[in-house]
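>>> Sequence plus predicted model, see below.
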Amino acid sequence: MIDLILNDFFWRAMAGGLMVAMVAGPLGCFVVWRRMAYFGDTLAHSALLGIALGTAFQANLNLSIVLVCVLLAVILMLLSRQQSLASDTLLGILSHSSLAIGLVVLGMMQDFSIDLTGYLFGDLLAINQRDLLWIALGGAFILMLTVWLWRGLLMITIHEELATVEGHRTGLLRLALMLMLSLVIATAMKIVGVLLITALLIIPAAAARPLAATPERMAVIASLLGMGSVVAGMTLSWHVDTPAGPSVVVAAFGFFLLLWLVRARAPA
Amino acid sequence: MTEPVVSLEDAGLRYGETHVLHDLTFSMSEGDIVTVIGPNGAGKTSLIKLILGIEKPSSGHVRQRAGTRVGYVPQRMTLQPTLPLTVGRFLGLAGGDPSAIEAALARTGVAQLADESVHHLSGGEFQRVLLARAILRRPQLLVLDEPAQGLDVNGQSALYELIRSLRDELNCAVLTVSHDLHVVMASTDTVLCLNGHICCRGQPEQISQDPAFTQLFGENLANTLAVYHHHHNHSHDVHGETVP
């Protein structure tokens, strides 16, 4: 069984996708609750800069993606304290600049044959055993951190000052959340690509909202919906020969539409 | 004499070049009920932030007694509708077992709301839920920012009555910020009149006759309050002399 998963590219992709979707569920909820969708986009775009720099310096790509994402997150946190620019303007500047710089740097390295489409839209079927190990380790780490910090993360989301008064270290918690998002984005890039990562975070979470009465339920349902989207999208991709990453996002969107339509028709 | 729960010593707060608060000196001990009143922009919410330790004073000192448990009822909490949350779960996030949560909700008169979504509560119900959450921590210092906002007069009196009896039960210091002068005057021990600095302070009946208070709130209002308060503390005989 494990042999089959490790040695067949389809099942490797399925396993990697399922793990990322599971971790993205709870974090996606925070992105939805804290209105950080644009922030997620910015981090994702900066991941491309991470790839460009990693390739240029021949460093480990996963590591360079995480480093650039974290660096950008910290810069954003510091700049947002200045408040001389609206935060969406600031995000827009950093988001598109890092994407553009990434593309320019990649363009300058013509001797490297880089599959840009793979990075932009994901190359799920190209996941190798090493990638799978990275996803498993990173995913387990993020999931444990999410569970461990859950109460504090929820409190700073509900009311930051109340959280401070109750003894939560709000600054550290916010930093931890950004770090976890950076890690998820670095791992999820292989699956759905830079341009579609935020979709994998927010669509399952948004779809889970009408089904949940508590934050914990919403997180679990978001994970399950994300995993369902991976299975459905991969199956679609296999049978109809569509690109895997976008198929997963389309499946997630399908779940979202279905759940909200059912909800809208049901008597309140 | 035991150390006060919280004390301010020449404390001031400045954002950039703007002095929001200056030269604040006062302290609170267990059982004290202090109400802060003042016009908009007087720095009431900033004072709360100083006392809670959310903001550090830019001058002077603010000291909380070591290990003080603080209960805080914030003003106008806007909850994200995307975040599903029941009242019970909201209290659970503050720590405490289910029976303690049930007791706290019962104490503030909203036990029936435990399984309700926080998004479906009325303003008054939500204030009581927040108060329940604050007393769940068995605070030595209870801080309330405009707790009676949006309540009608009966609701306000009931809420202040509840706060008073909670003070007796928990023996905590209570600091309230309020706009609702009438109710405040009837239900507090000490009034602290704030306008960047402490204009005047004292018992409600003293305050309402203080020139600084009159200047801040206008003569008419001050007079109404004075009369209103007399009505509650002592009577006048036929000759206009006060009798207890």
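Yep, that arrived.

>>> Run through who's touching the one helix or strand A:Val105 maps to.
Element membership for A:Val105 (DSSP states H and E) is helix A:87-108. Residues from elsewhere that reach helix A:87-108 (Cβ atoms under 8 Å, 6 or more residues apart in numbering or on different chains): A:38-39, A:41-42, A:45-46, A:48-53, A:55-56, A:68, A:72, A:75-76, A:79-80, A:85, A:114, A:116, A:194. Every C-beta, even on glycine, is put in place using the N, C-alpha and C of the backbone.

>>> Same question for it: list its buried residues.
A:90-91, A:94-95, A:98-99, A:101-103, A:105-106 (16 or more other Cβ atoms under 10 Å in any protein chain shown).

>>> Could you identify the helix or strand that succeeds that helix?
helix A:116-121.

>>> Buried residues of the helix or strand just after that following helix, list them for me.
Under the assignment DSSP H and E, the closest C-terminal helix or strand after helix A:116-121 is helix A:129-158. Neighbour-count burial for helix A:129-158, counted by 16+ other Cβ under 10 Å, picks out A:131-132, A:134-135, A:138-139, A:142-143, A:145-146, A:149, A:151-158.

>>> hmm, back to that, ok, the buried residues of helix A:87-108 vs chain B, which is closest?
Nearest to chain B among the buried residues of helix A:87-108, counting by Cβ to the nearest Cβ, is A:Leu91 at 18.9 Å.

>>> For the closest one, give me the pLDDT.
A:Leu91 carries a pLDDT score of 87 in this model.

>>> and if you look at the one 3 residues further on?
We note a pLDDT of 89 for A:Leu94 in this prediction.

>>> again, but for the one 5 residues further on
Model confidence at A:Leu99, expressed as pLDDT, equals 89.

>>> distance of it from A:Gly122?
16 Å (Cβ to Cβ, to the nearest Å).

>>> Also A:His159?
From A:His159 to A:Gly122 the distance is 37 Å (Cβ to Cβ).

>>> before we move on, what about A:Pro215?
On the measure of Cβ to Cβ, A:Pro215 and A:Gly122 end up 29 Å apart.

>>> give the contact list for residue 118.
Reading this off chain A. By Cβ under 8 Å, 6+ apart, the neighbours of A:Gly118 are A:126, A:193.

>>> The chain in question should be chain B.
So B:Val118 contacts B:79, B:85-87, B:90, B:126, B:129 (Cβ under 8 Å, 6+ apart).

>>> Could you do A:Met109 as well?
A:Met109 touches A:52, A:55-56, counting by Cβ under 8 Å, 6+ apart.

>>> near chain B too, which of those residues?
When contact is defined as Cβ under 8 Å from any Cβ of the partner chain, those do not meet chain B at all.

>>> can you put the residues you listed in TSV and add secondary structure and neighbour count?
Compiled in TSV, the contacts of A:Met109 are given as follows (DSSP: H, G, I helix; E, B strand; the rest coil; neighbours: other Cβ atoms under 10 Å in any protein chain shown):
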residue	secondary structure	neighbour count
A:Ala52	helix	25
A:Thr55	helix	16
A:Ala56	helix	14
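
>>> Pick out the most distant pair among the contacts of B:Val118.
B:Thr86 and B:Phe126 (13.0 Å; Cβ to Cβ).

>>> Which helix or strand in chain B has the lowest average pLDDT?
When each helix and strand of chain B is scored by mean pLDDT, DSSP states H and E, strand B:235-236 comes last, with a mean of 45.

>>> Let's see the pLDDT reported for the residue nearest to the spatial centre of chain A.
Note on chain A: the residue nearest the mean C-alpha position is A:Ile185, at 4.0 Å, using Cα atoms, centre = their mean. Looking at A:Ile185, its pLDDT stands at 87.

>>> where's it, which helix or strand?
Counting by DSSP H and E, A:Ile185 is part of helix A:170-192.

>>> What's the PyMOL line that selects buried ones from the contacts of helix A:87-108?
Of the contacts of helix A:87-108, the buried ones can be selected in PyMOL as follows, counting by 16+ other Cβ under 10 Å:
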select buried, chain A and resi 38+39+41+42+45+46+48+49+50+51+52+53+55+68+72+76+79+194
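
>>> List just the nearest of the contacts of A:Met109 to A:Val31.
A:Ala52 (24.8 Å).

>>> who's in contact with that closest one?
With Cβ under 8 Å, 6+ apart, A:Ala52 has these contacts: A:101-103, A:105-106, A:109.

>>> if you skip the residues just before and after it, what's nearest to it?
A:Val105 (3.7 Å; Cβ to Cβ, 6 or more residues apart in numbering or on different chains).

>>> So which residue is smack in the middle of chain B?
Mean-position check on chain B, Cα atoms, centre = their mean. Result B:Thr176 at 1.2 Å.

>>> That residue contacts B:Pro147, correct?
Yes - counting by Cβ atoms under 8 Å, B:Pro147 is a contact partner of B:Thr176 at 6.4 Å.
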